[in-house]
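K.L.:
A structural model of the following input is requested.
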Amino acid sequence: MHTLLAATAADSEGFFAWLNALFVEQTWPRALLIVIVVGLTVPGLVSALVWAERRGSALIQDRLGPNRCGPFGMFQSFADLAKFLFKEDVIPGHVNKPIYLLAPAIAVIPPLVALAFVPFGANVFIADVDTGILAAFAVTSLHVYAISLGGWASNSKFPLLGGVRASAQMISYEIALGLSALGVFIIVGDLRLISVVEMQTDGWMIGAGETLRSAGDWTRLFDWNIFKQPLGALIFMIAGFAETNRHPFDMPEAESELAAGFHAEYSSMKFALFFLGEYAAMVVFSSLFVVLYLGGWTLFGLENVLSDWVTSYGAENAGWINWASVAEGFLHVGIFFSKTLVLLLFFIWVRWTLPRFRYDQLMRLGWVRLLPLSLAWLVVTVIGVAIVRGL
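P.N.:
From the prediction side, this is the model:
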């Protein structure tokens with residue numbers, strides 16, 4: 001019996017050593033595992049968002065909303081998915097078929113790829129690259145091709161107008177979006193998104209020393225960039241609504257003017273892919289906002305409550321998986337997801353509260369208001385950083 005227990009213990013140690021070598025000492029299996037988890041989570045999150053949007057809009061407009069499929073209509077999204085899967089897939093004869101079929105795929109792929117550059121926790125990320133924000137912006141900017149190509153390939157008047165509107169809108173607000181985010185990286189001094197989060201836990205900015213900490217520990221409440229860059233955060237938020245084509249910036253669809261706009265000629269699952277891409281883009285933008293302005297996975301020290309346990313567990317269980325570190329990862333992801341969820345609910349709230357802009361108002365806001373304002377704020381940020389680092 002003793003021999004059997006010893007053999008079992010040896011096998012267990014060998015198994016945990018193998019897991020440690022695979023997922024801790026090598027980074028690619030861990031990254032692959034996170035890719036699978038994110039790939040499975042996002043569609044489920046989108047289904048939940050669709051339900052929340054329908055129930056939220058009903059609450060705002062004093063209606064019931066979906067209330068038949070499951071309790072409070074919670075299974076309505078799954079019923080819609082079944083409808084899209086089994087609905088007849090109609091392809092009009094006048095479309096440019098290769099591009100017409102390609103556009104819905106382009107709508108989904110860039111947002112999912114962009115999530116690879118988002119750090120969900122201190123050790124929970126897929127790709128930690130030195131130019132993380134540039135890579136994320138580069139990938140997300142490809143989303144406009146889905147709308148533009150979908151509208152053009154439909155060979156129809158209203159979809160074409162929707163595609164042209166999308167191109168003009170995204171170009172107009174992409175500039176303000178990038179300039180507003182640039183202020184954050186001037187403060188941080190690094191383009192790595194992980195560095196952005198770490199800076200929001202260690203002080204006001206890299207290179208400022210302890211000057212701004214002399215006022216007391218209460219200043220840690222203001223470590224988040226939303227307190228250091230309030231105007232930049234506001235511009236980023238407004239531009240993000242425009243970049244994701246969300247109300248009140250949903251001019252490419254504008255059903256009152258364009259009869260659904262760029263996706264008017266789409267049906268079945270291709271129609272659903274456009275909306276999956278839209279909600280996935282919302283998730284990406286909300287995640288980036290959390291990283292840039294809301295401290296990422298940090299929450300005023302709550303993210304460090306397991307640090308001592310992680311250190312002691314690792315010292316006592318050398319060669320095994322540090323399960324305390326895994327628990328800390330879940331804590332970080334939970335904090336990150338909670339902040340992201342609040343922003344997604346804010347997206348829904350705004351959609352059913354504000355009226356849609358006219359197109360001239362949308363262009364005027366982007367070029368005449370946000371662009372000069374973001375440039376002026378960038379100059380103020382540069383001057384402020386130079387003064388603080390000189391203290």
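
K.L.:
so who does the residue nearest the centre of the chain touch?
P.N.:
The centre of the chain sits closest to residue 284, judged by CA atoms, centre = their mean, with a distance of 1.9 Å. Residue 284 sits next to 111, 114, 115, 118, 136, 140 when contact means CB atoms under 8 Å, 6 or more residues apart in numbering. Any C-beta I mention is one placed from the backbone N, CA and C, and that applies to glycine too.

K.L.:
for the last one, which non-adjacent residue is spatially closest?
P.N.:
Spatial nearest neighbour of residue 140, excluding adjacent residues (CB to CB, 6 or more residues apart in numbering): residue 114 at 4.9 Å.

K.L.:
re the thing from before, show me which of the contacts of residue 284 is closest to residue 226.
P.N.:
residue 118 (17.5 Å; CB to CB).

K.L.:
mind showing which ranges of the chain have poor pLDDT?
P.N.:
Counting by pLDDT under 70, the chain contains low-confidence ranges at 1-35, 38-39, 202-221, 308-323, 390-391.

K.L.:
tell me the SS of the residue nearest to the centre of the chain?
P.N.:
helix (DSSP: H, G, I helix; E, B strand; the rest coil).

K.L.:
tell me the spacing between it and residue 63.
P.N.:
Distance of residue 284 to residue 63, computed by CB to CB, to the nearest Å: 30 Å.

K.L.:
mind checking which helix or strand residue 346 is in?
P.N.:
helix 323-351 (DSSP states H and E).

K.L.:
tell me what that helix is packed against?
P.N.:
helix 27-60, helix 268-293, helix 307-316 (3 or more CB pairs under 8 Å, 6 or more residues apart in numbering; DSSP states H and E).

K.L.:
for residue 189, find the nearest of these.
P.N.:
When the helices and strands packed on helix 323-351 are compared by CB to CB, helix 268-293 sits nearest residue 189, at 14.4 Å.

K.L.:
now do that closest one against helix 323-351, angle only.
P.N.:
Put simply, helix 268-293 runs at 110 degrees to helix 323-351, going by axes from the mean of the first three to the mean of the last three CA atoms, to 10 degrees.

K.L.:
quick revisit: buried deepest among the helices and strands packed on helix 323-351, which one?
P.N.:
Highest mean neighbour count of the helices and strands packed on helix 323-351: helix 268-293, a mean of 23 (counted as mean count of other CB atoms under 10 Å).

K.L.:
helix/strand/coil for residue 233?
P.N.:
Going by three-state DSSP: residue 233 is helix.

K.L.:
got the contact list for it?
P.N.:
Residue 233 is in contact with 180, 225, 226, 289, 292, 293, counting by CB under 8 Å, 6+ apart.

K.L.:
tell me how far it lies from residue 180.
P.N.:
From residue 233 over to residue 180 (counting by CB to CB), the distance is 8 Å.

K.L.:
re earlier: export the contacts of residue 284 to TSV and append columns for distance to residue 81, neighbour count and secondary structure.
P.N.:
Formatted as TSV, the entries for the contacts of residue 284 read as follows, by distance: CB to CB, whole Å; neighbours: other CB atoms under 10 Å; DSSP: H, G, I helix; E, B strand; the rest coil:
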residue	distance to residue 81	neighbour count	secondary structure
111	18	25	helix
114	23	25	helix
115	21	25	helix
118	26	23	coil
136	28	25	helix
140	25	24	helix
